[in-house]
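Student: Need the 3D shape of this:
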Amino acid sequence: MPTLGEVIAEVQLTAADVPPLLIRAWAKDVFAQLCAGSRWGWQLQIGTVRVPASRSLAAIGLTNGQTAITSAALFVAADAGRQIWLGVGEPVLTIATVTDASNAILTANYDGTTGSYAAQIYTAYYQPGASFQQFIGLTDLSNQRPLPFWLTLEQARLWDPSGVLSGQSRALIAETLVTPLGTTERPRIRYVWWPRNTAGGTYQVRYLAGPQTSTLNEDTEIPGVLADHLYVLKDGILARCAAYPGSGTTKNAYFNLTLAARLGEQYAIGRKDLSIVDDDQGPSKVVDAIDWRYVERGLSSDQAYQWSDTSTIGTAGRTWYN
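Tutor: Predicted coordinates for the structure are as follows:
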């Protein structure tokens, strides 16, 4: 399989006066643009997310302005990264680390009233990995139910203003950009399970993996049909090279705006041709199986199927459905 370095080397032979660092940067940009432009077969990824059920704690000790919390030997190591529900109107807390069974540390200072509280530990969020680009599908495997991932927080708040509904989650909703817990990585989108996922479950996520431009290097292998049609990638890079006049001391002999325009057109046509070829393998244009009759109501199937379990939303949520 060809590598990005081999493509860069060929482009450098054609446009020898263009600085190698510029060619490398343009190669990464064009490769990223190609990957982001369509839903290519090589980008499709399938993963499994397991959410444990919630756990009730008789009491935890919280102190205003502090991150340290205590319990009567009720914490477990797996609580790190999970959330604490205290009640309506109270902030959702996140456990950063568990020191021992009686002590844990929050990600931020507690800003409520000092005291002892009954609490529920649960998993509120799902944050995709660094390669995530966009969702294709989400399935609750335990209940054989497709879940919507396109709803907004505003829609959920219309149905559940105080966030009190709980049980089996019926949707995964984009919330905000957050740095992954325990890392210094760049912020990534974080999703929240709705309603509050107290029942737990196993979910299959299908998504497109985007190119991680920061990690691309000359050893990166060119995937899929693009490997058999490298001219598309080369045309995209050479179009930029032909539009580069050079520096104050070194003129670019390859500089030709007419050529740059022609290569740009070839690149655009090549991208479309690749999409057609990839349809035989991928496909590149995945059709989302969304029944739009249920989007505004946040449902992913018929009414009887949605209310076939005994979770809280199955009773409290009927009012806004009906």
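
Student: Leu22 reaches Gly246, doesn't it?
Tutor: No. The pair Leu22 / Gly246 is not scored as a contact, 10.7 Å apart, by CB atoms under 8 Å. Where C-beta positions appear, they are placed from N, C-alpha and C, glycine not excepted.

Student: For Lys234, the count of nearby residues, please.
Tutor: Lys234 is flanked by 22 other residues according to other CB atoms under 10 Å.

Student: From Ile23, how far out is it?
Tutor: Look at Lys234 and Ile23: by CB to CB, to the nearest Å, they are 11 Å apart.

Student: again, but for Gln144
Tutor: Counting by CB to CB, the gap from Gln144 to Ile23 is 51 Å.

Student: Kindly report the domain assignment for the protein.
Tutor: 4-40+223-279, 44-51+125-210+291-321, 55-122 (automatic domain parsing).

Student: Turn those domains into a markdown table, including distance to Leu216 and mean pLDDT.
Tutor: Listed next are these as a markdown table, based on distance: least, CB to CB, whole Å; pLDDT from 0 to 100:
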| stretch | distance to Leu216 | mean pLDDT |
| --- | --- | --- |
| domain 4-40+223-279 | 5 | 89 |
| domain 44-51+125-210+291-321 | 11 | 79 |
| domain 55-122 | 29 | 95 |
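
Student: Let me have those domains in CSV, extended by distance to Asn217.
Tutor: Output for these, formatted as CSV (distance: least, CB to CB, whole Å):
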stretch, distance to Asn217
domain 4-40+223-279, 7
domain 44-51+125-210+291-321, 16
domain 55-122, 31
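
Student: circling back to that earlier point, quick one: which of Gln144 and Ile23 has more around it?
Tutor: Using other CB under 10 Å as the criterion, Gln144 and Ile23 rank with Ile23 on top: 22 against 10.

Student: what about the more buried one, which SS state?
Tutor: Per DSSP: H, G, I helix; E, B strand; the rest coil, the local secondary structure of Ile23 is helix.

Student: Wait, it touches Val11, no?
Tutor: Yes. At 5.5 Å, Ile23 counts as touching Val11 under the criterion of CB under 8 Å.

Student: which helix in this structure runs the most residues?
Tutor: helix 257-279 (DSSP state H).

Student: That helix: which residues count as buried?
Tutor: Residues of helix 257-279 classed as buried: 260, 263-264, 266-267, 270-271, 274-275, 277-278 (neighbour count, 16 or more other CB atoms under 10 Å).

Student: which strands and helices sit next to it?
Tutor: For helix 257-279, the packing partners by 3 or more CB pairs under 8 Å, 6 or more residues apart in numbering; DSSP states H and E come out as helix 20-37, helix 230-242.
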